[in-house]
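Trainee: Mind looking at a prediction? Sequence and model below.
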Amino acid sequence: MKALMTAWLSVVLLMFSTLAQANLTIEITRGSDRATPIAVVPFAADGDVPEDIARIVSDNLQRSGYFDPLSRNAMYDRPSQSDEVRYGQWRALDVRYLVVGRVSREGDGFRIRYELMDVSGERRMLGESVTAGRNELRGGAHYVSDQIFEAITGIRGAFSTRIAYVTAQGVGDQMQFALYVADADGHNSQQVLNSREPILSPAWSPDGRKLAYVSFETERPAIYIQELATGQRIRATSFEGLNGAPSWSPDGRRLAMSLSKDGQPEIYLMDVASRNVERITNSSSIDTEPAWAPDGRSLLFTSDRSGGPQLYRYHLANGQTERLTFTGNYNARGRFAPDGQSIYLVHRSSNGYQVARQDLGSGRLVVLSDSRWDESPSVAPNGTMVIFATRQGSSGVLGAVSADGRSSYRLPSAQGDVREPAWSPFLN
């Protein structure tokens, strides 16, 4: 077990090198050929506005893979309200939907007025007025993006959600690790924890108020639970051996985890209130990386019981375990889609380690990403995107790919490595 933990730590240290900037930037790497043309006209502004609301909305919609925003250079007309729209001009530009708006000061903050038009139908689909503090304009823009996305697609937008991730700086004994949370687009980052020892596996509670994670700050792995608003935290487990891979149950009452306190790593459930643990797997193999099904009735986990890493499902009602993956000799780090109909995982192919999706009904597996060193997939709460850790040159970055694999982007830092992403649930 000591050898296993030493090897695990060595892999972690190799993944990190220099300090990552708190905020992440976005690089679109692949656009969808099925994206819907839309135009987000620069919002009119009454006075100085510190954020370009229309740009944030346009970037959000493009990043989703569902929309192809028109370049501002191609906009010959720039209306700010629906009665100024000349639909024929936008039809000539092959625009199907149009967003216009205005930002004005209101007290110590701002009021964002926006409207969404169906160009072909020449009708107003949506219109709303939103207030935001001076430091909340990006949040207001994410809210507007969510409303537009849902009005057109019928899918709840996830632009107002957050991501957690880990950064590191230094080499060898000088390594410094940090846990951050940020908006889904990488902005507005806040440091949750700073440590000289590795931080792994951040996991959001269902209400988005807490993070569970693994920290080596006592020189051996332990699972902590931390309140984001107050910074208060507890050490949930600190058994001998491995304490890893925490995963919250959908009701927030339990944590699934991998512990080796009784020998080989097995899957355990911990009651968060009492901290009592219950072992649910019992084999001579390594069982790790648990993930709850959306209905809370089963768990997905990685096991080498078939000779190599594969994904299995444990049913809580009857204690039965079934193997889910059979394509290839390496499938790990599984995560359920929000509808429970498919899973996302890391699949090893001839091209390396890549993010894939497997339909649970048919068993069909489709590779989504096109890089070679992908790991730690985490699914957006609306199921449209998957974020994961990958490499860009010699640096660790975050990547994201749409559920159909048609569009992708990366979230690199200005310098250094970023790893261990976790997408938050809906926050309201």
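Mentor: Perfect, I can see it now. Numbering: from 1, shown residues only.

Trainee: Quick one: mean pLDDT over stretch 283-294.
Mentor: Summarised as a single mean, pLDDT over stretch 283-294 is 95.

Trainee: How far off centre is it?
Mentor: 21 Å (Cα atoms, centre = their mean, to the nearest Å).

Trainee: quick one: buried residues of that stretch?
Mentor: 285-293 (16 or more other Cβ atoms under 10 Å). Every residue, glycine included, has its C-beta placed from N, CA and C.

Trainee: Save the residues you listed as TSV, and put in distance to G361 and secondary structure too.
Mentor: Formatted as TSV, the buried residues of stretch 283-294 follow (distance: Cβ to Cβ, whole Å; DSSP: H, G, I helix; E, B strand; the rest coil):
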residue	distance to G361	secondary structure
S285	27	coil
I286	28	coil
D287	25	strand
T288	26	strand
E289	23	strand
P290	22	strand
A291	19	strand
W292	20	strand
A293	14	coil
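
Trainee: for the stretch 101-250 of the chain, what are the low-confidence residue spans?
Mentor: The model of the stretch 101-250 of the chain has no residue with pLDDT under 70.

Trainee: And the helices in it?
Mentor: 137-153 (DSSP state H, counting those that start in this stretch).

Trainee: which residues sit in contact with the residue lying closest to A184 once chain neighbours are set aside?
Mentor: In space, A184 comes closest to T161 once its chain neighbours are excluded; the distance is 5.0 Å by Cβ to Cβ, 6 or more residues apart in numbering. Residues in contact with T161, defined by Cβ atoms under 8 Å, 6 or more residues apart in numbering, are 184, 380-381, 423-427.

Trainee: For T161, give its distance to M385.
Mentor: 10 Å (Cβ to Cβ, to the nearest Å).

Trainee: again, but for H142
Mentor: 14 Å.

Trainee: contacting residues around stretch 335-343?
Mentor: With Cβ under 8 Å, 6+ apart as the criterion, stretch 335-343 contacts 291-295, 300, 311, 324, 334, 344-345, 357-361, 377-379, 381-383, 403.

Trainee: Quick check: beta-bridge partners of the spatially closest residue to W423 that is not a sequence neighbour?
Mentor: Leaving out its chain neighbours, the residue that sits closest to W423 by Cβ to Cβ, 6+ apart is S378, at 4.5 Å. Beta bridges link S378 to I387 when assigned by DSSP bridges.

Trainee: wait, doesn't S378 sit right on F388?
Mentor: Yes - checked against Cβ atoms under 8 Å, the pair S378 and F388 is within contact range at 7.1 Å.

Trainee: which residues do the two both contact?
Mentor: P421.

Trainee: May I see the domains of this protein written out as residue ranges?
Mentor: According to automatic domain parsing, the chain comprises the domains 2-28+162-423, 31-153.

Trainee: Tell me both backbone torsions, phi and psi, for S371.
Mentor: phi -100, psi -180 (degrees, to the nearest 10).

Trainee: before we move on, what about the one 5 residues further on?
Mentor: When quoted as degrees, to the nearest 10, the phi and psi of S376 stand at phi 50, psi 50.

Trainee: Excluding chain neighbours, what is closest to it?
Mentor: Nearest non-adjacent residue to S376 (Cβ to Cβ, 6+ apart): A389, at 4.7 Å.

Trainee: if I look at that neighbour, how far off is E51?
Mentor: A389 is 29 Å from E51, where distance means Cβ to Cβ.

Trainee: what's the answer for R111, then?
Mentor: From R111 to E51 the distance is 14 Å (Cβ to Cβ).

Trainee: now do H187
Mentor: Counting by Cβ to Cβ, the gap from H187 to E51 is 10 Å.

Trainee: who's in contact with V144?
Mentor: 53, 57, 101, 112, 114, 128, 130.

Trainee: So what's the residue count around N282?
Mentor: Using other Cβ atoms under 10 Å, the number of residues around N282 comes to 12.

Trainee: What strand or helix carries it?
Mentor: Secondary structure assignment for N282, by DSSP states H and E: no helix or strand.

Trainee: Is it in contact with E266, as I believe?
Mentor: Yes - the pair N282 and E266 passes the contact test of Cβ under 8 Å, sitting 6.6 Å apart.

Trainee: okay, A389 and E51: which has more neighbours?
Mentor: Between A389 and E51, A389 has the larger neighbour count (other Cβ under 10 Å), namely 24 against 20.

Trainee: Would you confirm that the more buried one belongs to a helix?
Mentor: No - the assignment for A389 by DSSP: H, G, I helix; E, B strand; the rest coil gives strand, which leaves it out of any helix.

Trainee: I'd say it and G396 touch.
Mentor: Yes - between A389 and G396 there is a contact at 6.2 Å, judged by Cβ under 8 Å.

Trainee: T131 bridge partners, please.
Mentor: Beta-bridge partners of T131, as defined by DSSP bridges: R111.

Trainee: show me what contacts it?
Mentor: Taking Cβ under 8 Å, 6+ apart, we find T131 in contact with 106, 109-112, 140.

Trainee: can you do 10 Å?
Mentor: Contacts were defined as Cβ atoms under 10 Å, 6 or more residues apart in numbering; by that measure T131 touches 106-107, 109-112, 140.

Trainee: Of the residues you listed, just the buried ones, ChimeraX syntax please.
Mentor: Here is the ChimeraX selection string for the buried members of the contacts of T131, based on 16+ other Cβ under 10 Å:
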select :110,111,112,140
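
Trainee: Could you export the contacts of T131 as a markdown table, including distance to L411?
Mentor: A markdown table is the format used below for the contacts of T131 (distance: Cβ to Cβ, whole Å):
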| residue | distance to L411 |
| --- | --- |
| E106 | 33 |
| G107 | 34 |
| G109 | 28 |
| F110 | 27 |
| R111 | 30 |
| I112 | 25 |
| G140 | 22 |
